[in-house]
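Asks: I would like the atomic coordinates for the input below:
(2 chains)
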Amino acid sequence: MSTPGGNGSTGYTVLVVDDSDDLRALVAESLRKLGGFTVVTAEDGVAGLERYFEVQPDCIVIDVKMPGLDGYQLIRALRGDPDSAATPLVILSAMAQDHDRFAGFFAGADEYLVKPVSPLELVQTIRRAIERTVADRRQRFRALLTDTETLPPEE
Amino acid sequence: MHETGPELSIPVVSEREIYHGYERNRRLYLARVLLPVFALIQFAVFVVSVLVLPTAHFAPQAWWIFVVNTAIVGIDAALHAVGILFVRRGQVRIATICVFLPTAITVIGPALIWVLFYQPGLHETGPSLAITLSEVVATLVLIVLAGLLTNSWWAVVGTTLLLNAYTLFILVHALQTPAASEALRSNATLILAFPIIVQWAVAGVLLAAAGTYLRTLRELGDVRVAFERAQQLDQLKDQFIAHVNHELRSPLMAMQGHVELMLLTEGALSPQERHDYLERAKRAGDDLVALVTSILSVRRLEEDRDAFEPVATDVDAALESAIHMIDPREGRWMERELRVHNPDRLQVWAEPVRVRQVFTNLLSNAVKYSPPGTPVEVTTQLVLTDSVPSGKPGAKNWQRLRALRSRTSQASEQRQMVQITLRDHGLGIPPDQLPLLFKRFVRLPRDLASNVPGNGLGLYLCQALVEGMGGRIWAESTGGEGEGTMFYVQLPALRDSAPGPGAPVSPAPPDAEHDNTEGHDIERHDVESPTGG
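Replies: Residues are numbered from 1 along each chain as shown, chains lettered A, B, ... in the order given. The predicted structure is shown next:
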């Protein structure tokens, strides 16, 4: 784990899907500089999906309103696939109303950030989401090892 | 910025619809109150008839009539019950049928019986007279109800007349037989004559009452109309604010975020990175300014649509200044050829600043939505159009303008307009999406999928500006790639620029051949992109 705000690489890869060039660049730079993540970007939902299967990122930052496949559709597609079902998904949207938030969580997002978000907050949210998933996975793995019922019966 | 907004439109309920709703409620209310009363009356008559039946001593024919009468009353009661059911469901039409049918049966049925089974001495028996009387009363109330339900006073008056005729028919026939006339003279004449008077009195009172009630409802309707209009406006405003709020957030984050990122990573940034960050922050700031300016323009325009001072405006000059207003970054264009064809140096009667704003928006659109290297053509011509239909924004201005101009020339039925056509050779617009173009915050799906910046306010502004000056604006396109889009702007022409008779009548297609041979002012504007594409 890297120190907060440090530049050391965390080894985690984050995919940023946003159709606005400047915002995508901002998010990518923030994640690289402040979080030490490896960042891959995509400019719309379809490209995001393709990029996902190429790099298998640890977390995805998704804008909602995008041409073609929008954020919700992308999230549903990812949640429907067993490989990506557990990947933490963070929505970064300009839509600030409660029902937008609900729609985001309903689609399957883990976090919902409303623009404008400070780069630090963004990085921390993503790091938290990744760490939570990793811890969760570790615990499940440990449970699997200690649970005698799931072990093959001794002969 | 490439985000679409829902089309800002709220279904406007017409006054007619509101009144219609009130009418319907009124009728339903009356039917709800009155129908059970009738059903009860009919039912009571039915019960009395059934109770009397075994005890009465009739001649065989009279007995049949009595039975048929009773059956009719029974059917009436049943139909009314059905009517009540449909009134509860709010189905006025079926309820009306359920009232009309028994009314018809009650009026026509006994008359037929009289014709078919008439026998002297029929009305000597008391119960038959009592039933006739109760029928008359029940039918009277039914008639009024039928009239109210169908909302036609002719139904009330007409059916009342029919019923009166029926009662008189009974009276006359009964009097023809000595025994019956004896019976009637003793007790039934008054009984039969009285309902006629009562019917008219009750119908009159109901009519007057319903008239007053209707007037009150109309007044309430007016209040309701005003209320709903205010509510719609409020809703529109809310939507607008929500949308603006949403549109502001993205550039705000881009601006703030880059600055903050710079502050956080100050020591570790290379000069190039720092420059990039600043550049992007600046660009986001520019977007914000453009958006705020657009919104303010829209607001200002909406506030005072009528406040403009028209002067003679040179189309060429307005185009010239508009070209300088276009942001060279837009559309990443390197070099564009702008062909202006304005042979008659036409002038319009408008406000130069507004005309320039319209041209700026249209030219910048033409540049943004057509591939680099393709020319943008501007043609002007004088056309005659019919007067602007009243009720449209700008109609008031037009009238003012017309009053002004008619001092110098005899006012004609048609008005002279300068039609400015802007043509690009871009992607074109699918014809089914053309009507959406001029709506607020609307961007075409294709543009949303592209990197062309825009906030969906430009053409809305153009339309508001042009209409505010008494003109009109529209677009034509086949949607075919390379065929481009044509934007037409019509503005009131200045008197002096009239070329005489024989001016083409709108809509006149731009004359391409004419362009080549007599193209007077062909300008070339080379604009270099600072970013190099």
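
Asks: Can I take it that B:Arg280 is in a helix?
Replies: Yes: counting by DSSP: H, G, I helix; E, B strand; the rest coil, B:Arg280 is found in a helix.

Asks: how deep is it tucked in, by neighbour count?
Replies: For B:Arg280, the neighbour count with other CB atoms under 10 Å in any protein chain shown is 22. C-beta here means a position set from N, CA and C on the backbone, and glycine is covered the same way.

Asks: excluding its backbone neighbours, what's nearest it?
Replies: A:Asp22 (4.7 Å; CB to CB, 6 or more residues apart in numbering or on different chains).

Asks: what mean pLDDT would you report for the helix or strand hosting that neighbour?
Replies: If you go by DSSP states H and E, A:Asp22 is part of helix A:21-30. Helix A:21-30 carries an average pLDDT of 90.

Asks: can you list the residues that contact that helix?
Replies: Applying CB atoms under 8 Å, 6 or more residues apart in numbering or on different chains, the set of residues contacting helix A:21-30 from outside is A:16, A:18, A:39, A:41, A:43, A:61, A:63, A:92, A:115, A:119, A:122-123, B:250, B:253-254, B:257-258, B:261, B:276-277, B:280, B:283-284, B:451.

Asks: and the angle from the longest helix seen in chain A to helix A:21-30?
Replies: For chain A, the helix that runs over the most residues, judged by DSSP state H, is helix A:119-146. Counting by axes from the mean of the first three to the mean of the last three CA atoms, to 10 degrees, helix A:119-146 lies at 60 degrees to helix A:21-30.

Asks: So for the helix holding A:Asp22, what gets flagged as buried?
Replies: For helix A:21-30, a neighbour-count test (16 or more other CB atoms under 10 Å in any protein chain shown) marks A:21-30 as buried.

Asks: and that helix, C-alpha only, in CSV?
Replies: C-alpha atoms of helix A:21-30 as CSV (Å, rounded to 0.1, in the frame of the first residue of the first chain):
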residue,chain,number,x,y,z
ASP,A,21,-11.2,15.1,-22.9
ASP,A,22,-10.2,17.6,-20.2
LEU,A,23,-12.0,15.8,-17.4
ARG,A,24,-10.6,12.4,-18.4
ALA,A,25,-7.1,13.9,-18.4
LEU,A,26,-7.8,15.5,-15.0
VAL,A,27,-9.0,12.3,-13.4
ALA,A,28,-6.1,10.3,-15.0
GLU,A,29,-3.5,12.8,-13.9
SER,A,30,-4.9,12.9,-10.4
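
Asks: Please compute how far that helix lies from its chain's middle.
Replies: 15 Å (CA atoms, centre = their mean, to the nearest Å).

Asks: Isn't A:Asp100 up against A:Ser93?
Replies: Yes: assessed by CB atoms under 8 Å, A:Asp100 is found in contact with A:Ser93 at 6.6 Å.

Asks: low-scoring pLDDT stretches of chain A, where are they?
Replies: Chain A contains residues with pLDDT under 70 at A:1-9, A:147-155.

Asks: List, one by one, the residues from it near chain B.
Replies: A:5, A:7, A:19-23, A:25-27, A:29-30, A:33-34, A:44, A:65-68, A:94-97, A:114-120 (CB under 8 Å from any CB of the partner chain).

Asks: Only whichever of those residues are buried, select them in ChimeraX.
Replies: Remark: buried members of the residues of chain A next to chain B, expressed as a ChimeraX selection using 16+ other CB under 10 Å:
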select /A:19,20,21,22,23,25,26,27,29,30,33,34,44,65,66,67,68,94,95,114,115,116,117,119,120
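
Asks: For B:Ile473, what is the enclosing helix or strand?
Replies: Counting by DSSP H and E, B:Ile473 is part of strand B:472-477.
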